[in-house]
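> sequence-free structure coming up:
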Ligand code: URP
Ligand code: ZN
Ligand code: ZN
């Protein structure tokens, strides 16, 4: 299987240059101007287009069992939708129930994901603690290519990790060379505010943002960053949506702490007013956590992306259809949390980022693939167009126009939070493992062609952190033998 992409401009995170890209057996073999191709090679003409590393979405939840139902998007339909949008790898989540062995949950999710048609990997959530969790974390890192563990500070009574769990898990992850990641919202406060609002008779979706105001996120972000700082452990905060959490990350980074931050395309574009829609269905369709925020928060997120405070973009793709959302008709706290986005992340970020002058094309690549590949230690296999890397490539037409609509999407859900948005810029071809899997609006995918991607432990910053910690050992005073 060989493929030549001709006449395009390669855009990596560090530079852009005119070059052809030749791929063989799923790998990039050469990146140079004027390449020839052997007879029989497939030729893709990229004239007028950019040739980008395939997107990596580090935060998806395909077919997640959650809040009494199961997310409507499965691993096949979800990875197909990702490819249609130019994303060639996802990192999803194994979320064990409290008391469930991590390894059992991991193998369950691996079986579900076998039908994926794009490459995938897993973070594993730490939802409880005992000796077996400690042991299984080691096995997952050493034998199963897991290098990140997720902690939910919210969802009390379900999967919430309290400070005790965080304090056990973070040093264990560090010792294994794995990165702790965190959903930062104060779960106790959310629980209290939900009950308070319900008592006042607020049962509709407008209760959702009021029970999770920005300070609930900011408090948890600040606290978990301090906990990680005290323990000397790098940390990655998922789906930052508020000025308060961005400020907490910025403060810590200014002090030299290794803190990474992600933001979702949805939080960059949608504001809190959606929850006050008179139409219950539309309001409920936007229920996700953290919720959408008042306008000033969006500008702060854009600034944090262009200013390097946040390093990655994701979608938290977690689909629930109208009948599933209706489970919370009488109580907003029972509306399954989640929105879709894996198909639209790249185009929405391009349009509102690059076309509006907030980001350069190179920033776009950094924020949609390269930084994620580095943080989760699959760089340069992924996240860059260079020889020896995986041939996961997007031929991107900056002029391609599309109006986003649930009616025409590949995502398996009956709603799109970006409905009616016109975007310029999108994939003409998506190439996965050296094969064209999406061309001119048509998917050519088969279940089971995606591969599980093992992610090695000890990304360079994890090693550096251990070295740093070793240079600052606990102080001991030798006072000789006590004389009584
Ligand atoms: O609302 C959301 N984000 N649902 C998925 C679970 C999570 O918190 O990431
Ligand atoms: Zn979350
Ligand atoms: Zn999530």
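Ah, there it is. Quick caveat: nothing in here was measured; it's all calculated off a predicted structure. Residues are numbered from 1 along each chain as shown. Ligands and ions are numbered 1, 2, ... in the order given.
> who in this protein is up against ligand 1?
Within the chain, the positions lying close to ligand 1 (CB under 6 Å from any ligand atom) are 61, 183, 288, 289, 316, 318, 337, 338. The way it works is simple: take the backbone N, C-alpha and C, and place the C-beta from them, glycine included.
> Let's have those in CSV, adding distance to residue 144.
Formatted as CSV, these follow (distance: CB to CB, whole Å):
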residue, distance to residue 144
61, 19
183, 22
288, 29
289, 28
316, 23
318, 23
337, 28
338, 26
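> Spatially, and excluding backbone neighbours, which residue is closest to residue 52.
Spatial nearest neighbour of residue 52, chain neighbours left out: residue 394 (4.7 Å); criterion: CB to CB, 6 or more residues apart in numbering.
> circling back: I'd like to know which of the residues of the chain next to ligand 1 are part of helices.
Under the assignment DSSP state H, the residues of the chain next to ligand 1 contribute nothing to helices.
> Roughly how far does the residue nearest to residue 52 sit from residue 46?
10 Å (CB to CB, to the nearest Å).
> So for the two, which sits in the more crowded spot?
Counting neighbours by other CB atoms under 10 Å for residue 394 and for residue 46 shows that residue 394 has the greater number, 31 against 23.
> That one contacts residue 426, correct?
No. Taking contacts as CB atoms under 8 Å, residue 394 lies outside contact range of residue 426: 9.2 Å.
> tell me, what's touching those two both at once?
Shared contacts of residue 394 and residue 426 (CB atoms under 8 Å, 6 or more residues apart in numbering): 86, 346.
> Below-threshold pLDDT in this structure: ranges please.
484 (pLDDT under 70).
> quick one, longest helix in it?
helix 214-231.
> Other residues contacting that helix?
With CB under 8 Å, 6+ apart, helix 214-231 has contacts from 151, 153-154, 163, 166-167, 170-171, 174, 180, 182, 184-186, 189-190, 193, 234-235, 237, 240-245, 247-249, 252, 257, 259, 290, 293, 297.
> OK, contacts around residue 243?
Neighbours of residue 243 in contact, by CB under 8 Å, 6+ apart: 214, 218, 296, 297, 300.
> Just the buried ones from those?
214, 218, 297, 300 (16 or more other CB atoms under 10 Å).
> and these, which two are the farthest apart?
Pairwise distances across the buried ones among the contacts of residue 243 peak at 11.6 Å for 218 and 300 (criterion: CB to CB).
> tell me, what's touching these two both at once?
242, 243.
> about what we covered before: tell me the helix or strand right after the longest helix of the chain.
Sequence order places strand 235-237 as the next helix or strand after helix 214-231, per DSSP states H and E.
> ok, whatever residue of the stretch 351-484 of the chain ends up closest to ligand 1 - how many residues close by?
When scored by CB to the nearest ligand atom, the stretch 351-484 of the chain has residue 417 as its residue closest to ligand 1, at 11.9 Å. Residue 417: 22 surrounding residues under other CB under 10 Å.
> If I follow the layout properly, it ends up in contact with residue 285?
Yes. If you go by CB under 8 Å, residue 417 and residue 285 touch, sitting 7.2 Å apart.
> Mind listing the shared neighbours of these two?
residue 339.
> what's the strand or helix carrying residue 394 packed up against?
Taking DSSP H and E as the definition, one finds residue 394 inside strand 393-403. Packing partners of strand 393-403 (3 or more CB pairs under 8 Å, 6 or more residues apart in numbering; DSSP states H and E): strand 50-53, strand 422-432.
> Name the nearest residue to whichever residue of the stretch 1-150 of the chain sits closest to ligand 1, ignoring sequence neighbours.
For the stretch 1-150 of the chain and ligand 1, the shortest gap (CB to the nearest ligand atom) falls at residue 61, measuring 5.3 Å. Among residues not flanking residue 61 along the chain, residue 318 sits closest, at 4.0 Å (CB to CB, 6+ apart).
> so how far is residue 44 from that neighbour?
33 Å.
> which of those two has more neighbours?
More neighbours surround residue 318 than the other of residue 318 and residue 44, with 27 against 22 (other CB under 10 Å).
> Name all residues that make contact with the more buried one.
60, 61, 64, 66, 71, 288, 337, 338, 339, 340.
> Not counting sequence-adjacent ones, nearest residue to the third one?
Which is residue 64. Nearest to residue 64 is residue 71, by CB to CB, 6+ apart, at 4.3 Å.
> For that neighbour, give me its contacts.
61, 62, 63, 64, 65, 318, 319, 320, 338 are the contacts of residue 71 under CB under 8 Å, 6+ apart.
> beta partners of the nearest residue to residue 400 once chain neighbours are set aside?
Among residues not flanking residue 400 along the chain, residue 426 sits closest, at 4.2 Å (CB to CB, 6+ apart). For residue 426, the beta-bridge partners are residue 397 (DSSP bridges).
> With the one 4 residues further on instead?
Beta-bridge partners for residue 430, by DSSP bridges, are residue 394, residue 438.
> and the gap between residue 151 and ligand 1?
11 Å (CB to the nearest ligand atom, to the nearest Å).
> before we move on, back to that, setting aside sequence neighbours, what's the nearest residue to the residue of the stretch 351-484 of the chain closest to ligand 1?
residue 339 (5.2 Å).
> Then residue 66?
Residue 66 sits nearest to residue 336 (CB to CB, 6+ apart), 6.1 Å away.
> neighbours around that neighbour, how many?
Neighbourhood size, residue 336 [other CB under 10 Å]: 24.
> hang on, the earlier thing: so which bits of the longest helix of the chain are buried?
214, 216-225, 227-229, 231.
> Give me the nearest residue to the residue of the stretch 101-250 of the chain found nearest ligand 1, chain neighbours excluded.
Proximity of the stretch 101-250 of the chain to ligand 1 (CB to the nearest ligand atom) peaks at residue 183, 5.0 Å away. Distance criterion CB to CB, 6+ apart; nearest residue to residue 183, sequence neighbours excluded, is residue 152 at 4.6 Å.
> burial of residue 104, as a residue count?
Neighbours of residue 104 using other CB under 10 Å come to 12.
> Run through who's touching the one helix or strand it maps to.
Assigned by DSSP H and E, residue 104 belongs to helix 102-113. Applying CB under 8 Å, 6+ apart, the contact partners of helix 102-113 are 62-63, 74-75, 92, 94-97, 120, 122, 124, 126, 132-133, 136-137, 139-140, 144, 146, 450, 452.
> please redo it, this time with the cut-off set to 7 Å
63, 75, 92, 94, 96, 120, 122, 124, 133, 136-137, 139-140, 144, 452 (CB atoms under 7 Å, 6 or more residues apart in numbering).
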